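Visitor: Please find the sequence and the predicted model below.
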Number of protein chains: 2
Amino acid sequence: MPSYTAPVKDMQFLLHDMLKVTEAGVPGYADLEREFTEAVLGEAAKLAQDVLAPLNAVGDREGCRLENGIVYTPTGFKAAFEALKEGGWNGIDLPEAYGGQNLPYVMGTLVGEVLCSANMAFNMYQGLTHGAINAILAAGSEEQKALYLPKMVSLEWTGTMNLTEPHCGTDLGLIRTRAEPQADGSYKITGQKIFISAGDHDLAENIIHLVLAKAPGGGEGTKGISLFIVPKVLVNEDGTLGARNSLSVGKIEEKMGIHGNATCVMNYDGATGYLVGDLHKGLKAMFVMMNEARLGVGLQGYAQAEAAYQNALAYAKDRLQGRAVTGVQNPGGNADPLIVHPDIRRNLMDQKSFIEGARAFTLWGAHLIDRAHRLGDAQAEGLISLLTPVIKGFQTDIGFAMTVQAQQVYGGHGYIEEWGMSQFARDARIAMIYEGANGVQALDLVGRKLAAEGGKPAMAFFEMVKSFIKENEGDEALKAPFLDPLKAASKDLQTAMMYFMQQGMKNPNAALAGSSDFMHLFGHVCLGLMWAMMAKTSARALAEGTADATFHETKLATGRYYMARHLPATGMHLARIQSGAEPVMALTADQF
Amino acid sequence: MPSYTAPVKDMQFLLHDMLKVTEAGVPGYADLEREFTEAVLGEAAKLAQDVLAPLNAVGDREGCRLENGIVYTPTGFKAAFEALKEGGWNGIDLPEAYGGQNLPYVMGTLVGEVLCSANMAFNMYQGLTHGAINAILAAGSEEQKALYLPKMVSLEWTGTMNLTEPHCGTDLGLIRTRAEPQADGSYKITGQKIFISAGDHDLAENIIHLVLAKAPGGGEGTKGISLFIVPKVLVNEDGTLGARNSLSVGKIEEKMGIHGNATCVMNYDGATGYLVGDLHKGLKAMFVMMNEARLGVGLQGYAQAEAAYQNALAYAKDRLQGRAVTGVQNPGGNADPLIVHPDIRRNLMDQKSFIEGARAFTLWGAHLIDRAHRLGDAQAEGLISLLTPVIKGFQTDIGFAMTVQAQQVYGGHGYIEEWGMSQFARDARIAMIYEGANGVQALDLVGRKLAAEGGKPAMAFFEMVKSFIKENEGDEALKAPFLDPLKAASKDLQTAMMYFMQQGMKNPNAALAGSSDFMHLFGHVCLGLMWAMMAKTSARALAEGTADATFHETKLATGRYYMARHLPATGMHLARIQSGAEPVMALTADQF
């Protein structure tokens, strides 16, 4: 069975050596002393390693079951959920007013990674709740916040997001679920929603569904959509539970992975719902929630890769097979461990260098969110808005590919469920799809985010890369291995953007045909920047003298690998982009 | 549920327009008239579409079960196997002397694709038998051939390959299964074999296991290995069945996919076995079988992609979601079909252009085998030996990636088992692992095949590419879209090979660190060459006037896509290769 150890040391490096959080001037960051964050991450690690990780395979094997309208989660999930509640983990970065601890988002992100690596399906029960809380925080009334949030923050109640219907996912304008206004100000919600993660379960006494529906008078398409709170059990004004609402679970879907999470078909039959935010402006409220949820999904991409990598690495050190081409390495055994073989190394280094880069990128993104929320930093807000589809789309595509590579290290054993490597790949696969399939992320990036604010955030990004290179190019240790490839990759990105700008007006298909490639090109440049920043940090630590030279030398070597072997992808993506719309659009639909 | 239609038209194009088989001068090819191959493929298509494809999901859902030592296959498999037998499909390319039809290997390959696309797990019962027959044909005695082959060709009996043991897969020198010589010339085989596909089942009255084991006196490592026939039920000299042999199924493995095929742990407890070929030369006999089996696995890679693609395409034409950016395409509906969106097209064209290129490459490889076997063409034999790891490794890596892309077209529905797209990805995943994991293919290519015969086959390949370009570069329709990118890609491949030659002697790790990239670089050049050849064929058909201009125009547009959007990967692979061993080998094992 796979095991998991939280990478606390790497997280501490990012917080304290790279981001230097205590000196960053963000409200709340001054409290993030090294010992404090170590203690928090250490406690999360204990929960993840001792309680959640051992249940990961159990959840996959057993799945959830629906019996007489009640959804039962796998063996052990209830007790684990109690442990999660007791630790107060859900509220770590939520407002104190509702029972949270109000720690910065960077801390919520790192804790989220640890829990997700240990057991993604389990952690989604909390993750969806967190998202629903954010939507209510952003758009709910004070009464709604007071009524629902304290019990959601404490996980006595959980939450869900209800967007998709059988005939529409991305195109929410097609939603058919109706909301009929009632005399008392509430609505009757009727319709079917599908793919509702954590849609029902036995972990909490109530579930607060956030449901998109069309109320009369809003017009066609997305304009008519409103957002509603639809509790599984109605909540009295004093916060006690009332009658069961008119909603039920149609079925639990059989999925490729995340079997431990109940993905439900939800039927709303005149269920009582309460409007959240403005009528007919539901999509806006939902997108507040979606944006942070997308960051969380981008995190899942590398968090699953991390868990898979740890096990592939252990196997590569343990399994004896063949001899090193340069001479016997394990003379006491009848073969050398897999890790001596260059192609196994290539496989492992691909994973390691991606994961550490993605962790840095995600944490840096969380830091931008902290700056936006806690400092009102408009540039940070623009940047994270631009980068969110990159974090989601790029990191889940590559994260999944890395779980497949990790599985490959095991040879035939990787295909056998008993070893657990298949589960990482099957679980990670969903992250490329939900919260907006990655093609939609690419469309969001190219069709909307690039041009947002007249292109200011994109310009700010390039400016940042440029000035980082300029500031550091006197440093010979950084220049050839890090800054030169970063400069070349960034130039590819700018050339691609220029191509879109030239083409975009007269031929929007030319930009959209290259959108997925652009997202990947952008992702590579971002991770290249992160590696350059980490390399600078480690080079300085080594120059100044450090007690842990091995850690920093390893960091530098891993970064050199990323720059030498991942970054060359930017040229390929650029070439594809520049081939334009013609090859992509040449066939009529009938010709396929 | 997914459906499948055999791409007979594309197969006919390859046989008759591109390869021009009837004029190729290979014994047996003259009979492959257009009407004849159409009839054969049409019959295979019927079996595949009507009988096998509907059982694909059944096999996945039910799997195989072991009860009281007996393995039961999924509902419907027995009847389908009878239909397969009755059609004589297993013997299509096997010798008439043993009941086969002796058709060329190109025909066996196309029929194999059709059956595999329809139901990979089912078709493996036959595929393994086919492999075992080839090993006995290559190394067995005349008595063994006469005793076993007729019933194996007719599928009254099936076959297996037993190589892997719990502690060794790739490194067969570590095998522990023992063979003790008996007074009557037979051996007693004792040991455990794992991952035995089609290891046991209820489809045939006997199973002929081919088992690698160590007989006394052979020395250490792979030198001591011999190959044995170990029948499930002993066969009397007159061909009737005798006593049950001392072997049993330990368990059926729970796998990520191909659930319809029983992957068994086999226990041999002093089972009676008969030496095949020379004592202590078992590996050589097994590799005869492995080489063609690897071609068959390379075929599985694109055959699963084909099945997945057909369904993704149908979904993209059917599912209404969003509007085309260039204006409404489906004014009668409330949204346009997915296929109007450039990123969906990009996804579909990736698949289509890879699959058609891979089909051409595999068929061309089969043609080389026919030339080697039927004409004694040594150059063809050298070439296919060089290209086999490319066909296996490259096509299964990309084939799997394409099933994942096909799944992505479905959005959330792609993750739900009911829609069947997950199965294509889960089934295709094994092809990257078995018959030598793809890392081993890359090692075989770079460490052995490149240098074989002093590099003659590699030189012959480059010569072929060069002369094709030279012969056709006067043709403007081919030059810019096909020949120029092929030339550039081929130059990248030559540069990589030069790098290996310069580095190889003093630093073998530098070549091996780039081995997987080299395999992919080579694969791209091969498919680029195939597309150039297909483009020439279609351009000529259009110039000469054809009744099916749409087919040939589609072929040309699909080829342009491959050249414009797949081939730029060669530059990336070359850059990675040229970064050498340092980034890959920099860390000590402890530093990971």
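Guide: Looks like it came in fine. Numbering: from 1, shown residues only, chains lettered A, B, ... in the order given.

Visitor: pLDDT below threshold where in chain A?
Guide: When the per-residue scores of chain A are filtered using pLDDT under 70, no range remains.

Visitor: run the last query once more with 80
Guide: Across chain A, the ranges flagged by pLDDT under 80 are A:288-289, A:504-505.

Visitor: how does it divide into domains?
Guide: Annotated domains of chain A cover A:8-137, A:159-280, A:451-586 [automatic domain parsing].

Visitor: okay, how far is it across the shortest one, tip to tip?
Guide: Spelled out, that is domain A:159-280. Across its full length, domain A:159-280 reaches 22 Å end to end, with C-alpha to C-alpha, to the nearest Å as the criterion.

Visitor: Also the first one?
Guide: Distances were taken as C-alpha to C-alpha; on that basis the terminal residues of domain A:8-137 are 30 Å apart.

Visitor: Give me the three-state assignment for the closest residue in space to A:L320 that isn't next to it in sequence.
Guide: The shortest distance from A:L320 to any residue other than its chain neighbours is 3.9 Å, reached at A:A335 (C-beta to C-beta, 6 or more residues apart in numbering or on different chains). To be clear about C-beta, it is placed using only N, CA and C from the backbone, and glycine gets the same treatment. At A:A335, secondary structure determined by DSSP: H, G, I helix; E, B strand; the rest coil is coil.

Visitor: show me the contacts for A:A335.
Guide: Contacts here follow C-beta atoms under 8 Å, 6 or more residues apart in numbering or on different chains; on that basis A:A335 touches A:320-323, B:171, B:173-174.

Visitor: on that earlier part again, may I see the domains of chain A organised as JSON lines, with distance to B:G59 and mean neighbour count added?
Guide: Formatted as JSON lines, the domains of chain A follow (distance: least, C-beta to C-beta, whole Å; neighbours: other C-beta atoms under 10 Å in any protein chain shown):
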{"stretch": "domain A:8-137", "distance to B:G59": "20", "mean neighbour count": "20"}
{"stretch": "domain A:159-280", "distance to B:G59": "16", "mean neighbour count": "20"}
{"stretch": "domain A:451-586", "distance to B:G59": "33", "mean neighbour count": "20"}
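
Visitor: So for A:H341, which of the ones you listed sits nearest?
Guide: Ranking the domains of chain A by their distance to A:H341 (criterion: C-beta to C-beta) puts domain A:451-586 first, at 16.1 Å.

Visitor: Three-state assignment for the closest residue to A:L375 other than its chain neighbours, please.
Guide: Using C-beta to C-beta, 6+ apart and skipping residues adjacent in sequence, the residue nearest A:L375 is A:V26, 5.9 Å away. Using three-state DSSP, the secondary structure recorded for A:V26 is coil.

Visitor: Could you measure from A:V26 over to chain B?
Guide: Between A:V26 and chain B the distance, using C-beta to the nearest C-beta, to the nearest Å, works out to 33 Å.

Visitor: Same check on A:G99?
Guide: Counting by C-beta to the nearest C-beta, the gap between A:G99 and chain B amounts to 33 Å.

Visitor: Give me the buried positions along the biggest helix by length in chain A.
Guide: With residue count as the measure and DSSP state H as the assignment, chain A has helix A:282-318 as its longest helix. When burial is assessed from 16 or more other C-beta atoms under 10 Å in any protein chain shown, helix A:282-318 yields the following buried residues: A:282-283, A:285-286, A:288-313, A:315-316.

Visitor: ok, and which of these reach chain B?
Guide: The subset of the buried residues of helix A:282-318 within reach of chain B, by C-beta under 8 Å from any C-beta of the partner chain, is A:L313.

Visitor: where does the stretch 151-300 of chain A come near chain B, residue by residue?
Guide: Counting by C-beta under 8 Å from any C-beta, the residues of the stretch 151-300 of chain A near chain B are A:164, A:167-171, A:173-174, A:194-195, A:253-257.
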